[in-house]
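pasting the structure only:
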């Protein structure tokens, strides 16, 4: 039974360190353009559009401007939204 507690403690410490690393990384990226605030580990994955993407990006550009940043697991995406059709 004591092995279970050792493993549980290790997992808890690892998760805590991952959350702290994520929080510190977000603070260092303050120079990035604004965008939807993400959750730990999954970023803005739940905010990303699944259909009619142009409507979501249009709403985001109205709220945050033409340049925005959002995070997905493992990557930070910088987007410039242009309303003109070339």
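Right, received. Where do you want to start? Everything numeric here is computed off the predicted structure, so don't read it as measured data. Numbering: from 1, shown residues only.

show me where the protein has helices.
Using DSSP state H, the helices of the chain run over 2-28, 53-64.

and the ones you listed, which is most packed in?
helix 53-64 (a mean of 13; mean count of other C-beta atoms under 10 Å). (Glycine included, C-beta is placed from N, CA and C.)

state the distance from the residue lying closest to residue 34 once chain neighbours are set aside to residue 14.
Leaving out its chain neighbours, the residue that sits closest to residue 34 by C-beta to C-beta, 6 or more residues apart in numbering is residue 64, at 4.4 Å. For residue 64, the distance to residue 14 (C-beta to C-beta, to the nearest Å) stands at 34 Å.

residue 46 too?
Remark: distance between residue 46 and residue 14 (C-beta to C-beta) = 24 Å.

residue 77 too?
From residue 77 to residue 14 the distance is 27 Å (C-beta to C-beta).

next: residue 65.
Separation of residue 65 from residue 14 (C-beta to C-beta): 37 Å.

likewise for residue 51?
Counting by C-beta to C-beta, the gap from residue 51 to residue 14 is 37 Å.

now residue 66
Distance from residue 66 to residue 14, by C-beta to C-beta: 39 Å.

poorly predicted segments of this protein, please.
Counting by pLDDT under 70, the ranges of the chain that qualify are 1, 23, 25-30, 83-86.

go with 80
Scanning the chain for pLDDT under 80 picks out 1, 18-33, 40-41, 73-74, 76, 81-86.

quick one: contacts of stretch 39-52?
Here stretch 39-52 makes contact (C-beta atoms under 8 Å, 6 or more residues apart in numbering) with 18-19, 22-23, 35-38, 55-57, 70-73, 76.
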